[in-house]
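Visitor: Based on what follows, work out the 3D shape:
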Amino acid sequence: MSFKLQGHEHLVSLIDYRVKFECKACDRSYGGGGLSCGECSFAIHMKCAFVFMINDIFDHPSHDGHCLKLLTTGAPDPTDPKCHLCGKDTNRLLYHCSDCKLSLDIGCIIDYLCSRAQLNEPWHHHPLLMFDFGVHTRCDFCGENCKHGYLCPRCRLVIHEGCTYVFDSPEIIHPSHVRHPLKLITNGAPDYTDHTCHISGGNAGNLLYHCDICKFNLSMPLAVTPTPATLSNMKVHEHTLTLMPRLISFVCDACGTKGDRSPYVCLQCDFMVHQGCAHMPRLIHVNHHDHRVSYKYPLGLRGLKCGVCWEEIDWSYGAYSCSLCPCYVLHSLCATRHDVWDEQELDGKPEKIEDIEPFKRNDDNTITHFCHKHNLMSLNKDGEESSLCGACARPIGSNAFYKCSDSDCSFILHETCADLSKEKRHFLSPTPLPLSLYNKHYTKSCKACHQAFCQGFIYTKYPWYYDLLCSSITVPFIHASHDHHLLFLRLAFGGGDPKTCQSCGIDEDEFVIGCMKCDYFLDFRCATLPLTVTLPRYDDHPLTLCYDDEKASDTGKYWCDICERETNPKTWFYTCKDCRVTLHVFCVVGDIRYAKPGAKVDFSFELLPNNTSSRPLCHNCNCRCPGLFIVKHMTDDIVLCSYYCLNVFQPREFVDVRSICPPWALEPNT
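Guide: As a prediction, this is how the structure comes out:
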C-alpha cells in the first residue's frame, strides 16, 4: 500500500513491523514498523514520523519570524551539511529556512517541541505533548492504533490517554523473572543492554519493564499476558517443559535450528526447544504430500532430504515423516510453514477417505464423469483427430478419448484428462484444490502464471484459479535451462524482494520456481513453456525453445518472422534449426491458454481464429495480430491481439494484467 506523506515528494509505503532498518530521523536500527520511499532510499520509524505533522515552524526561538520547512532530501547546500545551531550533521531530515539558508537538525527541533510541552507527568521524566497521530502509530502499552494520546518527542513514547493506568504499577514481580522486581521504564531499554525483549526477541519498545541487576528486558505485552512458566501435555515431548527466561545460545531439539533466548527445557532429558516449537502439532497434512505426516523425535533416519526445501535433514533432531512412505521426511519448520500446512492438528481425528476418483465406470466402454451430465463412451477410432478436448482445449490427435454418448452433445475428453484427480494436494495452496470445469462467459487468469483461460479444467480454491499446466508442476522441478533442480518459492510469505525471471526478464513478486544457490529464477508462465511447438502457418518444421546464450554472444541483430520486429538477445525465443528463423515467445504461444474458436471473452468479446490472408491490426497496440487467435468485439469492428491488449483497452478493477505481454508493449528488464 502506497500513500502520500506530507512534506515528501514521492509516495511512501509501509514497512513491516518485523523488519529492522536504519531510521533517517533517529539513526537507530530496530523494527516496529515504519515508512519507506523506494525512489530516494528514505526510511523512517513510525514513531519518528510525527515530524511530518509539524511541517512548518514559524516561532522557533533561534529563528523567530521566518518559516522553517521540513526537508527530506538533505541539506540544500551539500557543502554545508551541518546544523547551524548544534553543529551536528543534519542527515536526510532537517528543517530549513530558504530565506536565511539556515538548517536545523531533528534533535534541535525536538528540544523546541519539548520546551513547548505543557504536560509534566510524574511517571515520565520528559515533558509530554497531547498529539494527533493519524492511523498508523501504535500505543506502546496496548499495541493498538493511537490516533490521539501522549507523545514524548525526545524518547518517542506514544500512549493512549486511557492506557496510563499502567503507571500505577511502577514495579512488579513477574513469573518470568522472580529473582528481582522489574521496574517500569518509559524511555526505552538502557544503553548497556540491547533493545529487544529477552523472552520474545521482539523490539521491547519505549515502554517496558527492566531489571538493572540482570540487564533483563520484558516487553509490555508479555508483562500483561505472561509467557507460561511451564507447559504440560505438549506434542513434542512427554514431560513438563519449563521456561528458562534468559539469554542463552542453544540448538532447538524440535527443529534443529539455533536460538538465542528463553527456551523451554526438560532437564531430565536434556531437551531444549524454541517457545514456538514447543507448540508444534503431532499429526498434520501438508500440501507437498498425499498422506499425513507425523512429528518424530529424534527422526533417526539418516541421509534423507526434506520434501519442501530439498536440504538434508539432521537425523538427531525432530522432524516430520510419513508412515506409508518411509523415505518421505520434512524439516519441522518446513512442514509447519503457513503456505505448506493448513494449520489443522489431526491428532486423535480419524482419517477420512476422500473420493478423488473423477469418474465411475459403468461398463467396459462407458463412464460417468463428475463434470458432465451425460455418459461418456470410450472410443479409439479415426475421425476425431481435430476435435478439441474439453479439459485442455488441445486436439485429440491419435490419443485414446472419451466422447459424450448423446448425439447432440460434442463433449470429448482425452483419456488422460478424464483421469485427472477430482481433488489434489499441491504446493500452490495449503488446502486441497478441487478440480472443476470452467466454461463461463468471461475470462479468468491463472494465479500462478497470470495467463488467461476461457474454458477447460482448472484447479481452484476461491478466489484463486490454477490452470492444468501450473498445477501439474512438481518439486523438485527439472528444467533443461539449468543444471540444478528448481524449487517453489512463495515470495509473499518470505517477504523477499521480487525475483527477475531468467527467461523474459520481467520481475515476479509472488510465485517463482528457482535455485537460490545460483540466483536463478523462472516465473510460472516461462517454466511451463512448451519445449517444442508446431506452427504450420509459419513453418512446417517443429520450433524449439532456445534458452542458451548463443544468440546473445552474436553481435548481429535477429528479427521475429511473425511480427517482423527485433528480438531481445537476452530473453528466450523459439527457433527452427532447419530454417534458422527466430520467433518471439509471445508471438508463438500468446497469453491465452485453453481456448477454442468462438469462446466468449468478457461478455462482449469472442475468440476467432487468426487465419485470414491479411492479419488484422490490433486496436490497442496498432500492430498486426501475431497469434493463432484474435479477440474481436461481438458487435463493433474492434480487434485486439491478446489478453494483455484487451485489459489495456478495457481496464477492469481487480484484473491482473501481468500476463506476458507483446515485446513491443513492454520492454523487459535487461
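
Visitor: got the residue ranges for the helices in the stretch 451-600 of the chain?
Guide: Secondary structure of the stretch 451-600 of the chain (DSSP state H, counting those that start in this stretch): helices at 468-471, 491-494, 524-527, 585-589.

Visitor: weakest of those helices by average pLDDT?
Guide: Lowest mean pLDDT within the helices of the stretch 451-600 of the chain: helix 491-494, a mean of 59.

Visitor: if we can go back for a sec, export the helices of the stretch 451-600 of the chain as TSV, with columns for mean neighbour count.
Guide: Heads up, the C-betas are built off the backbone N, CA and C, glycines and all. Formatted as TSV, the helices of the stretch 451-600 of the chain follow (neighbours: other CB atoms under 10 Å):
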stretch	mean neighbour count
helix 468-471	22
helix 491-494	12
helix 524-527	25
helix 585-589	23
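
Visitor: Out of the ones you listed, flag the one nearest Ile110.
Guide: Among these, the nearest to Ile110 by CB to CB is helix 491-494 (36.9 Å).

Visitor: picking that back up, so which of the helices of the stretch 451-600 of the chain comes closest to Ala400?
Guide: Among the helices of the stretch 451-600 of the chain, helix 468-471 comes nearest to Ala400, with 18.1 Å by CB to CB.

Visitor: what helices or strands is the closest one leaning on?
Guide: Under the contact definition 3 or more CB pairs under 8 Å, 6 or more residues apart in numbering; DSSP states H and E, helix 468-471 sits against strand 456-461.

Visitor: Give me the contacts around the strand it packs on.
Guide: 371, 389-393, 417, 420, 424, 426, 429, 431, 433-438, 444, 446, 465-468, 471, 593-594 (CB atoms under 8 Å, 6 or more residues apart in numbering).

Visitor: just the buried members of these?
Guide: 371, 389-393, 417, 420, 424, 426, 429, 433, 435, 437-438, 444, 446, 465-468, 471, 593-594 (16 or more other CB atoms under 10 Å).

Visitor: Output the below-cut-off pLDDT ranges for the stretch 451-600 of the chain.
Guide: 492-496, 548-556 (pLDDT under 70).

Visitor: just the strands in it please.
Guide: 452-453, 456-461, 464-467, 487-490, 499-500, 507-508, 511-515, 520-522, 532-534, 542-546, 573-576, 581-584, 592-593, 600-601 (DSSP state E, counting those that start in this stretch).

Visitor: Distance to Pro281 for those strands - can I get that in a markdown table?
Guide: Shown next, in a markdown table, are the strands of the stretch 451-600 of the chain (distance: least, CB to CB, whole Å):
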| stretch | distance to Pro281 |
| --- | --- |
| strand 452-453 | 36 |
| strand 456-461 | 22 |
| strand 464-467 | 25 |
| strand 487-490 | 21 |
| strand 499-500 | 31 |
| strand 507-508 | 32 |
| strand 511-515 | 26 |
| strand 520-522 | 32 |
| strand 532-534 | 46 |
| strand 542-546 | 43 |
| strand 573-576 | 48 |
| strand 581-584 | 49 |
| strand 592-593 | 38 |
| strand 600-601 | 45 |
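
Visitor: Which one of those lies nearest to Gly348?
Guide: The stretch from these with the least distance to Gly348 (CB to CB) is strand 456-461; that distance is 26.3 Å.

Visitor: and that closest one, which strands flank it?
Guide: Using DSSP bridges, the strands paired with strand 456-461 in its sheet are strand 433-438 (antiparallel), strand 464-467 (antiparallel).

Visitor: and Leu324, which of those is closest to it?
Guide: With CB to CB as the criterion, Leu324 lies closest to strand 433-438 of the strands paired with strand 456-461, at 21.4 Å.

Visitor: Mind checking what helix or strand follows that closest one in sequence?
Guide: Sequence-wise, the next helix or strand downstream of strand 433-438 (DSSP states H and E) is strand 444-445.

Visitor: Would you list the strands that that next one pairs with, along with their directions?
Guide: According to DSSP bridges, strand 444-445 has the following sheet partners: strand 452-453 (antiparallel).

Visitor: how far is the strand it pairs with from where the chain is centred?
Guide: In terms of CA atoms, centre = their mean, to the nearest Å, the gap separating the centre of strand 452-453 from the centre of its chain is 22 Å.

Visitor: same thing with stretch 307-324?
Guide: 25 Å.

Visitor: In that stretch, which residues are buried?
Guide: Across stretch 307-324, burial judged by 16+ other CB under 10 Å covers 307-309, 313, 317-322.

Visitor: Can you tell me which of those is closest to Cys501?
Guide: Using CB to CB, the buried residues of stretch 307-324 come closest to Cys501 at Cys309, 21.3 Å.

Visitor: How about the closest one, nearest residue that isn't a chain neighbour?
Guide: Cys334 (5.4 Å; CB to CB, 6 or more residues apart in numbering).

Visitor: Could you do Pro432 as well?
Guide: In space, Pro432 is closest to Glu423, 5.0 Å off (CB to CB, 6+ apart).

Visitor: who's in contact with that neighbour?
Guide: Counting by CB under 8 Å, 6+ apart, Glu423 touches 354, 356, 432-435.

Visitor: for these, which one is nearest Cys142?
Guide: Set against Cys142, the nearest of the contacts of Glu423 by CB to CB is Pro432 (39.0 Å).

Visitor: wait, isn't that closest one in contact with Lys422?
Guide: No. Counting by CB atoms under 8 Å, Pro432 does not reach Lys422; the two are 10.0 Å apart.

Visitor: circling back: JSON lines please, covering the contacts of Glu423 and showing pLDDT and distance to Leu379.
Guide: Shown next, in JSON lines, are the contacts of Glu423 (pLDDT from 0 to 100; distance: CB to CB, whole Å):
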{"residue": "Glu354", "pLDDT": "77", "distance to Leu379": "30"}
{"residue": "Ile356", "pLDDT": "83", "distance to Leu379": "25"}
{"residue": "Pro432", "pLDDT": "93", "distance to Leu379": "32"}
{"residue": "Leu433", "pLDDT": "94", "distance to Leu379": "30"}
{"residue": "Pro434", "pLDDT": "94", "distance to Leu379": "28"}
{"residue": "Leu435", "pLDDT": "93", "distance to Leu379": "23"}
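
Visitor: contacting residues for Gly34?
Guide: Contacts of Gly34 by CB under 8 Å, 6+ apart are 14-15, 21, 23, 43-46, 48-49.

Visitor: So which elements touch the longest strand anywhere in the chain?
Guide: What stands out as the longest strand in the chain, according to DSSP state E, is strand 177-185. If you count contacts as 3+ CB pairs under 8 Å, 6+ apart, strand 177-185 packs onto strand 171-174, strand 208-211, strand 216-219.

Visitor: Quick check, pLDDT for Leu607.
Guide: 88.

Visitor: Also Glu653?
Guide: Among the per-residue scores, Glu653 holds a pLDDT of 52.

Visitor: Also Thr72?
Guide: For Thr72, the pLDDT comes out at 80.

Visitor: isn't it right next to Gln6, touching?
Guide: No. In this structure Thr72 lies outside contact range of Gln6 using CB under 8 Å: 10.6 Å.

Visitor: the more surrounded of these two?
Guide: The neighbour count for Thr72 versus Gln6, taken as other CB atoms under 10 Å, is higher for Thr72 (21 against 8).

Visitor: Excluding chain neighbours, what is closest to that one?
Guide: Counting by CB to CB, 6+ apart, the residue nearest Thr72 is His8, at 4.9 Å.

Visitor: What about the buried residues of stretch 307-324, which are in helices?
Guide: Among the buried residues of stretch 307-324, DSSP state H puts none in helices.
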